[in-house]
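A.B. asks: Build me a structure from this.
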Amino acid sequence: MSGHLETIKRVLDGNYANASDAEKRTAIKELVQVCSVAAGAMTVQPVPLLDTALIAPIQIAMVQGIGKIHGYELNRKSILEMLSTFGASIVAQNVIMAAAKFIPFLGWVVTISMAYALTWAIGEASNRYFASGRTLGEDELKTIFADVYKQKKEEKSAQHKGNKTLKEKLEQLKEAKRDGLLTEEEFEAKKTAILADF
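C.D. replies: As a prediction, the model looks like this:
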């Protein structure tokens with residue numbers, strides 16, 4: 001099972017009723033980080049617009065996990081309602097990610113950075129929303145989302161700028177999988193590990 005699935009399962013199966021604030025913060029930070037890296041990893045696939053279908057379940061599970069840590073049991077409908085607060089932004093980012101796939105190498109950097117930042121921003125806004133007792137308004141959530149997204153995207157883009165080894169490593173992995181040297185599970189685990197290091 002890949003890292004983000006293990007983390008999500010652990011959070012959703014966990015009991016945080018007696019957890020300290022520090023333990024909750026640690027669990028949320030780990031969940032957001034692991035899910036953000038996994039979302040970036042999903043963009044490595046070459047098909048434009050498929051990213052949304054691959055990333056959305058990660059983001060939904062992340063929000064559900066953050067809610068659970070804060071003591072809220074959320075169904076899929078309430079999570080989707082919350083995510084709709086960022087709706088236009090998420091759709092716009094996904095369109096840009098799809099378009100970026102047509103740009104050699106730079107497109108990889110853009111899509112990985114955007115998916116990572118988008119997921120992190122959703123996680124941070126969700127955390128603040130639940131920490132406030134679900135009292136933050138739509139405008140406040142949008143501001144948090146936009147600020148965190150911009151910061152994380154800039155951080156991730158700066159890490160990748162001019163880094164050809166990322167593309168080379170990912171290409172080698174794809175070749176190894178295509179040649180039957182790696183199983184799907186091994187490929188996903190190695191891909192996530194490489195992206196976590198960048």
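
A.B. asks: Show me what the helix or strand containing residue 59 is packed against.
C.D. replies: For residue 59, the element it lies in under DSSP states H and E is helix 50-69. Secondary-structure packing of helix 50-69 (3 or more C-beta pairs under 8 Å, 6 or more residues apart in numbering; DSSP states H and E): helix 3-13, helix 21-42, helix 76-83, helix 87-100, helix 106-131. The way it works is simple: take the backbone N, C-alpha and C, and place the C-beta from them, glycine included.

A.B. asks: so how far is that helix from its chain's centroid?
C.D. replies: Distance, stretch centre to chain centre, for helix 50-69: 8 Å (C-alpha atoms, centre = their mean, to the nearest Å).

A.B. asks: The most centrally placed residue in the chain: what's it in contact with?
C.D. replies: Nearest residue to the geometric centre of the chain (C-alpha atoms, centre = their mean): residue 36, 2.7 Å. Shown in contact with residue 36 (C-beta atoms under 8 Å, 6 or more residues apart in numbering): 115-117, 119-120, 123, 152.

A.B. asks: got it, and residue 184?
C.D. replies: residue 177.

A.B. asks: From residue 190, how far out is it?
C.D. replies: Going from residue 184 to residue 190 by C-beta to C-beta, to the nearest Å gives 11 Å.

A.B. asks: which residues are in contact with both of the two?
C.D. replies: Overlap of the contact sets of residue 184 and residue 190 (by C-beta under 8 Å, 6+ apart) is empty.

A.B. asks: looking at this structure, which residue lies furthest from center?
C.D. replies: residue 179 (29.0 Å).

A.B. asks: worst-scoring helix or strand of the protein, pLDDT-wise?
C.D. replies: The helix or strand of the chain with the lowest confidence, counting by mean pLDDT, DSSP states H and E, is helix 87-100 at a mean of 66.
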